[in-house]
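Trainee: Need coordinates for the following:
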Amino acid sequence: MTDLILEHIHKRYGEKVVLRDFSARFPAGTCTCIMGPSGCGKTTLLRLILGLEEADGGTISGRRFPMAAVFQENRLFEDFSALSNVSAVCAKENRKLAARHLAALGLGDSLTAPARTLSGGMKRRVAIARAVLAPGELLILDEPFTGLDRDTKAVVLDYLKAHTQGRTLLLVTHDPAERDALANQVLEMTPAEK
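Mentor: Presented below is the predicted three-dimensional model:
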């Protein structure tokens, strides 16, 4: 594993500058919490790292594919069961593993339910289990606890601590409690100046 390094990244959409001369180092095998006000470029930064967007300038090194992500939207296959959504990233022989992970997140009774029938919080947990079981050293979590009540969030935090050891995590959150529970370091972002 190598550190993920961004140097002098620039990104704009039309006239709006989102990232200006942005540099950061994300140490391998640790969790970095990315915080900052809405609109400061946190999600754009993640999209650049994932290769979903191209930077207008600068370099990204240490990036290895595949990577896994929990986006702000769940992005599930709505007609697939919870188990099939998670199993889609696993080898066939790992359906039992997928079932165990879903059960650990309180979804043991909903394995065969189509995703479209699940509540928002249940869908969120399916998306989290799928990302955790997906291959790759880098796991990106963009506000992963949205829609979870306090008790469920505690279960998910424990689950992430137990099942992401040794991976590089980038966590975007506005919640200091989530930061404190998972992060080894914090990156505070500010809006790009004009």
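
Trainee: Just give me the residue right at the centre of the chain.
Mentor: residue 141 (1.8 Å; C-alpha atoms, centre = their mean).

Trainee: Surely it and residue 68 touch.
Mentor: No - using C-beta atoms under 8 Å, residue 141 makes no contact with residue 68, being 9.3 Å away. C-betas here are computed from N, CA, C, even on glycine.

Trainee: Tell me the residues that contact both of those two, please.
Mentor: Residues touching both residue 141 and residue 68 (C-beta atoms under 8 Å, 6 or more residues apart in numbering) are residue 131.

Trainee: Now do the helices in the protein.
Mentor: 42-50, 82-87, 95-104, 120-133, 150-163, 176-182 (DSSP state H).

Trainee: TSV for those helices, including mean pLDDT?
Mentor: As requested, these are exported to TSV (pLDDT from 0 to 100):
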stretch	mean pLDDT
helix 42-50	96
helix 82-87	95
helix 95-104	94
helix 120-133	97
helix 150-163	96
helix 176-182	95
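
Trainee: would TSV of the ones you listed with distance to residue 11 and mean neighbour count be doable?
Mentor: TSV is the format used below for these (distance: least, C-beta to C-beta, whole Å; neighbours: other C-beta atoms under 10 Å):
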stretch	distance to residue 11	mean neighbour count
helix 42-50	6	21
helix 82-87	31	24
helix 95-104	34	18
helix 120-133	24	22
helix 150-163	28	15
helix 176-182	24	16
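
Trainee: Save the ones you listed as TSV, and put in distance to residue 23 too.
Mentor: Shown next, in TSV, are the helices of the chain (distance: least, C-beta to C-beta, whole Å):
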stretch	distance to residue 23
helix 42-50	11
helix 82-87	36
helix 95-104	36
helix 120-133	26
helix 150-163	27
helix 176-182	21
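
Trainee: Return the distance of the closest residue to residue 33 other than its chain neighbours relative to residue 112.
Mentor: Nearest non-adjacent residue to residue 33, counting by C-beta to C-beta, 6 or more residues apart in numbering: residue 183, 3.6 Å away. From residue 183 across to residue 112, the span is 36 Å (C-beta to C-beta, to the nearest Å).

Trainee: The two - which one has more neighbours?
Mentor: residue 183 (20 against 9; other C-beta atoms under 10 Å).

Trainee: so that one touches residue 31, yeah?
Mentor: Yes - between residue 183 and residue 31 a contact is recorded at 5.0 Å, counting by C-beta under 8 Å.

Trainee: which residues pair with the residue nearest to residue 182 when sequence neighbours are not counted across the strands?
Mentor: Once flanking residues are discounted, residue 182 sits nearest to residue 31: 4.9 Å by C-beta to C-beta, 6+ apart. In this entry, residue 31 is beta-bridged to residue 169, by DSSP bridges.
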